[in-house]
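1. Structure for the following, please:
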Amino acid sequence: MQEIHILLVDDNEGDILLTKEALEEAKIVNRISVAYDGVQALSFLKKEPPFMQHESPDLILLDINLPRMDGTELLGIIKHDPELRRIPVIMLTTSSSERDILTSYDNHANCYITKPVDLERFMDVVRTIEDFWISIVKLPKTA
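-> Residues are numbered from 1 along each chain as shown. Down below sits the predicted model:
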């Protein structure tokens, strides 16, 4: 089975650990890179120092509420960049605001998921993301 590289963009260490744990429990082989804010994620995607040797992700899990550059702004940059826009972006955030949902889809998010507060439900959501986006969906090859 092909390895999938996921870029997780989140500043909440607890959510990062839970997401990684849920992804690692699956039988599908994947690599997970983490960026803690929008500026770091953009540097990672553009392969700027210190990320010059990192491979491009096949899928991005993006929180909205981030320091330095929020997820909505980062999403707009990604989806307007010819080198990055084909990478599927899943908004995975605590916000259930209709404005955030509309803004995300206006900026071409591939889907929008509100993080459940319940631990078991959160793990189920991450497993479902992996089942759909990695087992079912055909992802574009990254450069």
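
2. Find the residue at the geometric middle of this structure.
-> The centroid of the chain falls nearest to L61 when counting by CA atoms, centre = their mean (1.2 Å).

3. State the next helix or strand along the chain beyond the one helix or strand that one maps to.
-> Using DSSP states H and E, L61 falls within strand 59-62. Counting by DSSP H and E, the next helix or strand C-terminal to strand 59-62 is helix 71-79.

4. Buried by neighbour count: which residues of that next one qualify?
-> G71, T72, E73, L74, L75, G76, I77, I78, K79 (16 or more other CB atoms under 10 Å). Using the backbone N, CA and C atoms, a C-beta is placed for each residue, glycine as well.

5. Can you tell me the closest non-neighbouring residue to the fourth one?
-> Nearest non-adjacent residue to L74, counting by CB to CB, 6 or more residues apart in numbering: G38, 3.9 Å away.

6. cool, and the third one?
-> The shortest distance from E73 to any residue that is not its chain neighbour, by CB to CB, 6+ apart, is 6.2 Å, and that residue is G38.

7. Neighbours of that neighbour, how many?
-> 25 (other CB atoms under 10 Å).

8. for M91, what are its contacts?
-> L62, D63, I64, G71, L75, D100, S104, A109, C111, Y112, I113 (CB atoms under 8 Å, 6 or more residues apart in numbering).

9. Okay, and it sits in which element?
-> Applying DSSP H and E as the criterion places M91 in strand 89-93.

10. Parallel or antiparallel, list what pairs with that strand.
-> If you go by DSSP bridges, strand 89-93 pairs up with strand 59-62 (parallel), strand 111-114 (parallel).

11. okay, the angle between it and helix 71-79?
-> Here strand 89-93 runs at an angle of 180 degrees relative to helix 71-79 (axes from the mean of the first three to the mean of the last three CA atoms, to 10 degrees).
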